[in-house]
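In: coords please:
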Amino acid sequence: MHQRPCLQSSSAGLLLVLLLGSCAHRSDRRAVAEGEILAGYLDLHGARAWYLRGRTAELRGDLVEAERSLKWVVRLDRRTPWGPLRVGAFHARQGEVTEAEASFQLALSRSGPEDAPAAHAALGRLLLATDEPRARRHLEAACPGPACAEAADAAHAVGDREAALSVLERWRLADVSEEASRERALRAERLEAWTLAVEDWLTVLESTPDAEVVEHARDVAARAGDDRVEAWLRTRGGAP
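Out: The predicted structure is shown next:
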């Protein structure tokens with residue numbers, strides 16, 4: 001099969017030649033694929049540089065330069081949601097809700113299952129003050145993920161106890177760390193979901209069995225009519 005030089009007319013192709021040596025022996029298809037991979041790497045690398053430039057400009061108060069630089073992030077990083085998320089965050093910090101929402105929606109359209117919670121969380125936080133029903137939908141879509149606490153709080157704020165409890169349950173399935181368990185337990189108490197609170201306080205006790213936590217967990221367990229905290233203490237020889 002006839003062989004051709006590999007993408008030497010483009011900067012990505014030239015760098016590919018420099019990095020990999022002569023590519024005349026490679027097939028056209030493989031050469032194009034390698035060139036596209038390297039071009040994508042260069043785009044992402046450039047996007048990071050423009051992001052840092054934009055944030056620096058924002059911090060020194062040059063908002064025109066900041067916006068211009070951050071828009072380059074979106075142009076260069078054409079596949080992932082992180083460029084529009086960063087531009088949206090900039091607009092949100094400036095109080096530009098319409099522009100921020102458009103950027104976050106673009107980020108959501110670029111998101112796969114792993115990235116979508118971050119985009120939903122950004123939209124939910126942005127809309128919470130202006131469009132509570134939509135904000136709640138986005139926050140709940142971000143749990144499990146970065147917005148479980150806010151989703152539970154938003155549901156509780158409008159008296160939707162069932163939705164708040166559902167969020168707490170999904171949060172528990174995703175994160176059983178001490179910090180998350182403590183946050184969930186406090187929210188469960190506000191909802192008077194005492195049994196759920198006991199479950200999380202037991203997790204906290206495994207990491208922080210100090211006297212204050214023990215006494216609080218015992219009080220919550222008494223409200224629930226739940227003897228698991230006392231059973232936990234008996235296995236450890238009593239309260240600290």
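
In: Not counting residues beside it along the chain, what's closest to the residue nearest to the spatial centre of the chain?
Out: Centroid-nearest residue in the chain, with C-alpha atoms, centre = their mean: Ala118, separated by 3.4 Å. When the adjacent residues along the chain are set aside, Ala118 lies closest to Pro146, with 6.1 Å between them (C-beta to C-beta, 6 or more residues apart in numbering). Placement of C-beta: from N, CA and C, glycine included.

In: Is it correct that that neighbour is in contact with Ala119?
Out: No - using C-beta atoms under 8 Å, Pro146 makes no contact with Ala119, being 10.2 Å away.

In: Show me which of these two is the more surrounded one.
Out: Higher neighbour count among Pro146 and Ala119: Ala119, with 27 against 16, using other C-beta atoms under 10 Å.

In: any idea which helix or strand carries that one?
Out: helix 116-127 (DSSP states H and E).

In: average pLDDT for that helix?
Out: Averaged across helix 116-127, pLDDT comes to 95.

In: for this protein, what spans make up the strands?
Out: Secondary structure of the chain (DSSP state E): no strands located.

In: how's it carved up into domains?
Out: What automatic domain parsing lists as the domains of the chain is 80-175, 191-240.

In: Need those domains in CSV (columns: distance to Glu67).
Out: Output for those, formatted as CSV (distance: least, C-beta to C-beta, whole Å):
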stretch, distance to Glu67
domain 80-175, 7
domain 191-240, 42
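
In: which one of those domains lies closest to Leu70?
Out: Closest to Leu70 of the domains of the chain, according to C-beta to C-beta: domain 80-175, at 4.7 Å.

In: wait, what's in contact with the residue nearest to the centre of the chain?
Out: Neighbouring residues of Ala118 by C-beta atoms under 8 Å, 6 or more residues apart in numbering: 81, 85, 107, 111, 142, 145-146.

In: quick one: Ala154 and Leu128 touch, right?
Out: Yes - Ala154 is within contact range of Leu128, at 6.6 Å (criterion: C-beta under 8 Å).

In: circling back: tell me the one among the contacts of Ala118 nearest to Leu191.
Out: Distances from Leu191 to the contacts of Ala118, taken by C-beta to C-beta, are shortest for Ala142, at 19.7 Å.

In: That closest one: how many residues sit nearby?
Out: Counted with other C-beta under 10 Å, the neighbours of Ala142 add up to 23.

In: so what's it up against?
Out: Going by C-beta under 8 Å, 6+ apart, Ala142 touches 116-118, 120-121, 124, 148, 151.
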